[in-house]
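Peer 1: Sharing a model prediction with you, sequence too.
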Amino acid sequence: MDAAARRCRIIEMLENGGVISGSELSSRLGVSRQVIVQDIAIMRAEGKKILSTPQGYRLEGNMQRKTRIFACRHGMEDVYEELSTIVDYGGKVLDVIVEHPVYGELKGYLMISSRYDLDNFIRSIKESQGKLLSSLTEGVHLHTVEAESEAALERIEKALREKGFIMD
């Protein structure tokens, strides 16, 4: 398979499969992981909206679920509680966004949809001794949350509000 055909096949798989890791793509297509990384870079340069997430690649906007942005504020000690509330009520945390005074909007893709994903995220922060983006903004941040329905997003917002995480 030539490079152009392989890139078309990658787009087809992303359209049909949601989130797919680079390793899985390389295995299915019989090329190295580095070839996939290069293909993704080329396709992005051509204008394809491919997101790289901790779980793999996905097409931006390839969602049929509802989304809502929640403005939140809390410290490091409440990260697990906030994110577990979202996933426990049926949400998927797509990203975290902060407004930096010098760089403008900074966004990190999270793709947390379960306690398992959340545990891995927290473990990664601890092992890397990394800081949260919200540490740049005194705990103020936004989350884009995806859920199956508006009703689910309402439940998530209510639970976050009751726990004091939502900013008014």
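Peer 2: Arrived safely. Numbers count the residues shown, from 1 in each chain.
Peer 1: Looks to me like Arg58 is in a strand.
Peer 2: Yes - according to DSSP: H, G, I helix; E, B strand; the rest coil, Arg58 belongs to a strand.
Peer 1: Start and end of stretch 142-159, how far apart?
Peer 2: End-to-end span of stretch 142-159 (C-alpha to C-alpha, to the nearest Å): 16 Å.
Peer 1: quick one: buried residues of that stretch?
Peer 2: Within stretch 142-159, the residues scored as buried using 16 or more other C-beta atoms under 10 Å are 142-147, 152-153, 155-157, 159. All C-beta spots, glycine's among them, are computed from the backbone N, C-alpha and C.
Peer 1: Equivalent analysis for stretch 95-112, please.
Peer 2: Within stretch 95-112, the residues scored as buried using 16+ other C-beta under 10 Å are 95-98, 109-112.
Peer 1: cool, stretch 16-26 as well?
Peer 2: 17, 19-20, 22, 24-26.
Peer 1: just stretch 66-76 next, same as before
Peer 2: Neighbour-count burial for stretch 66-76 flags 68, 70, 72-74 (criterion: 16+ other C-beta under 10 Å).
Peer 1: Need the CA coordinates for it. PDB is fine.
Peer 2: The C-alpha trace of stretch 66-76 is given here as PDB (Å, rounded to 0.1, in the frame of the first residue of the first chain):
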ATOM      1  CA  LYS A  66     -23.800  16.300  23.300                       C
ATOM      2  CA  THR A  67     -21.100  18.600  24.700                       C
ATOM      3  CA  ARG A  68     -21.000  21.400  27.200                       C
ATOM      4  CA  ILE A  69     -18.200  23.500  28.600                       C
ATOM      5  CA  PHE A  70     -18.100  23.900  32.400                       C
ATOM      6  CA  ALA A  71     -16.200  26.700  34.100                       C
ATOM      7  CA  CYS A  72     -14.600  25.300  37.300                       C
ATOM      8  CA  ARG A  73     -12.300  26.300  40.100                       C
ATOM      9  CA  HIS A  74     -10.500  24.200  42.700                       C
ATOM     10  CA  GLY A  75      -7.100  23.200  43.900                       C
ATOM     11  CA  MET A  76      -5.000  20.100  43.200                       C
END
